[in-house]
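[1] Model the following, please.
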Amino acid sequence: MLTKYTFTFRYLTTLLLVIALGSGRALCLADEGGLADEEAKADTEQPNIVIIFMDDMGYADIGPFGAKGYQTPHLERMAQEGRKFTDFHAATAVCSASRAALLTGCYPERVSILGALGPSATHGLHPSEITLAELCQQRGYATAIFGKWHLGHHRPFLPLQHGFDEYFGLPYSNDMWPHHPAVAHLPMVERLKRWPHLPLIEGNEIIHAEMTGEDQAQLTTQYTHRAVQFIEQNKDRPFFLYVPHSMVHVPLYVSEKFKGKSEQGLFGDVMMEIDWSVGQILATLDKHHLSRQTLVVFTSDNGPWLNYGDHAGSAAPLREGKGTMFEGGYREPCLMRWPGKIPAGTTCDELATTMDLLPTVAQLIDAPLPTERIIDGKDIRPLMFGDANIRSPHELFCCYYGGQLQAVRDRRWKLHFPHTFRTLAGKPGGKDGIPVDYSQGKIGVELFDLKHDVGETTNVADQHPEIVARLEKLASLARVDLGDQLTGQMGENVRPAGKLDAEINP
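    Numbering: from 1, shown residues only. Prediction:
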């Protein structure tokens, strides 16, 4: 029931707004009200999830982690408004396997997706695996992927069969085409026997069968425009947006708006365009007052492809790069932003992984995890929201590469087992998109103290035999669970990849 006091209050409120208009302060009052509304909405509604996933980006390739020769102001903003994770890891150091881990919360060995699936692959992510997109979909989320999929290019394995409502992008890496440097000297008819033309897919259909370099130069812009459009269309419901960029995987391409803009050549130009893309997504969230109800994660699938030299990034101060399980191969820059939830301008130095995103998001959106299967990731909400005294939930992280258990690590110590690895051995990488050959290196049983030697330069196994023994014991348990091609051991809890049925037309 309205009373005279109600009318008096409304009159005074209106008068104050009129006065404020005259002094230019009404907009400020409105903004404060919008912020309060946004805060209230963030506390009551399911959070939106945005994951921006780079390809072959090194530890030192963005401003908050020491990039030089180009600016990444929007990523700097993410760091200032969120939390920087300095000990964050992809599950392994190669494309498909890493993406399988991100979307399933499992080691690649557990879901049998290893290496990088190419155009000749007849397998992909198994339909029984529960992806991050499917968890979100079960809770009423709109879901979309704009970018590189790389978990099987045949219809049964494409994103729409794994929980995504929308898909636009490449089915695998952008160098898997007849213009690859390894076949560039051959006539086209011979090239096509090795690498078919690179397609662009929307939904389940190929919409462009033969991508060109000019087409690739537009991909970052196209992915970004699709991402912005998706947010606009779903601003009134919860959404999961996955943007796995094709860049900075070689061959590098950039649109005209960033061509020649950096001091770092083409690589720097591409990174500046990626930063622009992040800025567009953040601006769209801000525009629709969604920032305080949206978790944004920025990271990469593995480290830099070092033999490409000036077309590759930097893993400094880490050792080696993509294709190795030294820290440069799988430790990634990671930024997480969620205003009002994640403390601004903070750093987390605790061990965390891309596998942790699935169980963490499941808790955030109140989605039940499948109880009949093992999930390797951990809930890292305490690391995201807590203070510097919060410890990693990981007792052990298994450093598998291609089915080989090459190392294990805990929060501080890392133990390598005997294996070979590719290395430039101090020589420079290639130029202008043409790689040089790697050498083969060897390592034995070596222990590194990552808290004081992140570059893995000094073997301290002889000084700490008890730590070596403890990690070896844990590694033995991991081999029973997941297997190890180095020792010929089969894992007891490995699940199969999806295979094309003989009756399915690929």
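
[2] Same question for stretch 197-207: list its buried residues.
    197-201 (16 or more other Cβ atoms under 10 Å). Every residue, glycine included, has its C-beta placed from N, CA and C.

[3] Average pLDDT for stretch 221-228, rounded please.
    The average pLDDT for stretch 221-228 rounds to 98.

[4] So for the protein, which residue is the most central one in space?
    Taking Cα atoms, centre = their mean, the centroid of the chain lies closest to residue 53, which sits 3.2 Å from it.

[5] before we move on, which element is it in?
    strand 48-54 (DSSP states H and E).

[6] Tell me the helix or strand right after that strand.
    helix 73-81.

[7] immediately after that next one, which helix or strand?
    strand 83-89.

[8] Tell me which strands that following strand pairs with, and in which orientation.
    strand 331-337 (antiparallel), strand 346-348 (parallel), strand 352-353 (parallel) (DSSP bridges).

[9] Now render these as a markdown table, adding mean pLDDT and mean neighbour count.
    Putting those into a markdown table (pLDDT from 0 to 100; neighbours: other Cβ atoms under 10 Å) gives the following:
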| stretch | mean pLDDT | mean neighbour count |
| --- | --- | --- |
| strand 331-337 | 98 | 26 |
| strand 346-348 | 96 | 17 |
| strand 352-353 | 98 | 26 |
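
[10] what's the closest of the ones you listed to residue 283?
    Proximity to residue 283 (Cβ to Cβ) singles out strand 331-337 among the strands paired with strand 83-89, at 13.0 Å.

[11] got the contact list for that closest one?
    Contacts with strand 331-337, where a contact means Cβ atoms under 8 Å, 6 or more residues apart in numbering, come from 57, 59-62, 64-65, 75, 78-79, 81-85, 87-90, 282, 295-303, 315, 318, 342, 352, 354, 384.

[12] now do 7 Å
    For strand 331-337, the surrounding residues in contact (Cβ atoms under 7 Å, 6 or more residues apart in numbering) are 59, 61-62, 64-65, 75, 78-79, 81-85, 87-90, 295-300, 318, 342, 384.

[13] how far off strand 48-54 does it point, in degrees?
    Orientation check (axes from the mean of the first three to the mean of the last three Cα atoms, to 10 degrees): strand 331-337 against strand 48-54 gives 150 degrees.

[14] Report the rounded mean pLDDT for stretch 414-433.
    97.

[15] quick one, what contacts residue 188?
    Contacts for residue 188 (Cβ under 7 Å, 6+ apart) come out as residue 178.

[16] Residue 210 versus that one, what's the distance?
    Per Cβ to Cβ, to the nearest Å, residue 188 is found 11 Å from residue 210.

[17] just to revisit the earlier point, ok, so of the buried residues of stretch 197-207, who is nearest residue 263?
    The closest of the buried residues of stretch 197-207, once distances to residue 263 are taken by Cβ to Cβ, is residue 198, at 30.4 Å.

[18] residues touching that closest one, list them.
    Counted by Cβ under 7 Å, 6+ apart, residue 198 has contacts 170, 174, 176-177, 211.

[19] so what's residue 231 closest to, chain neighbours aside?
    residue 284 (4.8 Å; Cβ to Cβ, 6 or more residues apart in numbering).

[20] chain center to the host helix or strand of that neighbour: distance?
    In the assignment (DSSP H and E), residue 284 maps to helix 265-287. Distance, stretch centre to chain centre, for helix 265-287: 15 Å (Cα atoms, centre = their mean, to the nearest Å).

[21] quick one: strands adjacent to the helix or strand following that helix?
    Counting by DSSP H and E, the next helix or strand C-terminal to helix 265-287 is strand 294-300. Using DSSP bridges, strand 294-300 pairs in its sheet with strand 48-54 (parallel), strand 331-337 (antiparallel).

[22] With distance to residue 391 added, can I get these in TSV?
    Compiled in TSV, these are given as follows (distance: least, Cβ to Cβ, whole Å):
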stretch	distance to residue 391
strand 48-54	24
strand 331-337	17
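
[23] And the ones you listed: which comes nearest residue 435?
    Of all the strands paired with strand 294-300, strand 48-54 comes closest under Cβ to Cβ, at 19.4 Å.

[24] CA atoms of that closest one as PDB?
    Coordinates of the C-alpha atoms in strand 48-54 are reproduced here as PDB (Å, rounded to 0.1, in the frame of the first residue of the first chain):
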ATOM      1  CA  ASN A  48      29.200 -17.800 -17.300                       C
ATOM      2  CA  ILE A  49      32.400 -19.600 -18.300                       C
ATOM      3  CA  VAL A  50      34.800 -18.300 -21.000                       C
ATOM      4  CA  ILE A  51      38.000 -20.200 -21.800                       C
ATOM      5  CA  ILE A  52      40.400 -18.700 -24.300                       C
ATOM      6  CA  PHE A  53      42.900 -21.300 -25.300                       C
ATOM      7  CA  MET A  54      46.000 -20.500 -27.300                       C
END
